[in-house]
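Q: just need the structure, nothing else, for what follows:
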Amino acid sequence: MMTINAAACEIIWFSGLVAWYIIRYPFKRRAKKVSVINSLYDRRDRSLLAFATVALFIVPLVYALTGFPTSFNRPVIPAIAGLGVATLGAALFLFYRSHADLGRNWSISLEIRREHQLITGGFYRLIRHPMYSSFFLLALAQIFLLPNWLVGASGLLAICALYGFRVRQEEQMMLDRFGSEYRHYMAHTKRLIPWIL
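A: Residues are numbered from 1 along each chain as shown. Okay, here's the model as predicted:
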């Protein structure tokens, strides 16, 4: 039976973050070619994105390199680490699909692009915010893979803040752009988990 240790969990975690970047990069390049006609990208949004970067990358990196803070360490449990691998895989798949479904309508922030379309196909036919769902899965993977309560929870805290401060503003922006079409879409979908939440 194969055993898994903290170092293996860290390697898996950081490999997932590299995959995350690789997935996003081509969509980011394509989206830049379409002009933005309305943006809510401000200091608060930049701060939220910076907080998420620190919590999902910098804090785990410091932990991996130094072991700090050791007082919050927990034992590596192979079943939980395995759950972390599966959750990370699901997060990456959903992250890719939500980018692919949005195409050039995607933006890192709250923006409406020229000829912006309301996407209701793919995962968007089930939930309105599959990319946020992928963020929550990523945060759960961090908890399962990194055997430190504080380091693990930092990602979830950041994603909760990002989601909490952005989702209503994002939905209002879509209502302003698409009106009754988006209102109808909202009435038939949940935000994060199909048929539940």
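Q: neighbours around Leu126, how many?
A: The local packing of Leu126 (other CB atoms under 10 Å) involves 14 other residues. In this view, the C-beta of every residue, glycine as well, is placed from N, C-alpha and C.
Q: does the closest residue to it other than its chain neighbours fall in a helix, a strand, or a coil region?
A: Of all residues not flanking Leu126 in the chain, Pro194 sits nearest, at 4.2 Å (CB to CB, 6 or more residues apart in numbering). At Pro194 the chain is in coil, as set by DSSP: H, G, I helix; E, B strand; the rest coil.
Q: how many neighbours does Pro194 have?
A: Residues near Pro194, counting by other CB under 10 Å: 13.
Q: residue ranges in this protein under the pLDDT threshold?
A: 1-2 (pLDDT under 70).
Q: ok, and the closest non-adjacent residue to the residue nearest the centre of the chain?
A: Nearest residue to the geometric centre of the chain (CA atoms, centre = their mean): Phe135, 2.2 Å. Of all residues not flanking Phe135 in the chain, Ile159 sits nearest, at 4.7 Å (CB to CB, 6+ apart).
Q: by contact count, what packs against the host helix or strand of the one you found?
A: Secondary structure from DSSP states H and E places Ile159 in helix 149-178. In terms of contacts (3 or more CB pairs under 8 Å, 6 or more residues apart in numbering; DSSP states H and E), helix 149-178 is packed against helix 43-53, helix 59-66, helix 130-145, helix 180-187.
Q: between the ones you listed, which one is nearest to Phe165?
A: Relative to Phe165, the nearest member of the helices and strands packed on helix 149-178 by CB to CB is helix 43-53, separated by 5.8 Å.
Q: tell me the spacing between the residue nearest to Asp101 when sequence neighbours are not counted and Leu83.
A: Spatial nearest neighbour of Asp101, chain neighbours left out: Gly122 (3.5 Å); criterion: CB to CB, 6+ apart. Distance, Gly122 to Leu83, using CB to CB, to the nearest Å: 26 Å.
Q: between these two, which one's more packed in?
A: Using other CB under 10 Å, the more surrounded residue of Gly122 and Leu83 is Leu83, with 16 against 13.
Q: identify the residues contacting Met173.
A: Listed by CB atoms under 8 Å, 6 or more residues apart in numbering, the contact partners of Met173 are Asn38, Leu40, Leu110, Ile112.
Q: 7 Å - rerun?
A: By CB atoms under 7 Å, 6 or more residues apart in numbering, Met173 lies in contact with Leu40, Leu110, Ile112.
Q: what is the nearest of those to Asn73?
A: Leu110 (37.7 Å).
Q: against Arg113, how distant is the nearest residue to that closest one once chain neighbours are set aside?
A: Closest residue in space to Leu110, ignoring its immediate chain neighbours: Leu40 at 3.9 Å, by CB to CB, 6+ apart. Applying CB to CB, the value for Leu40 to Arg113 is 13 Å.
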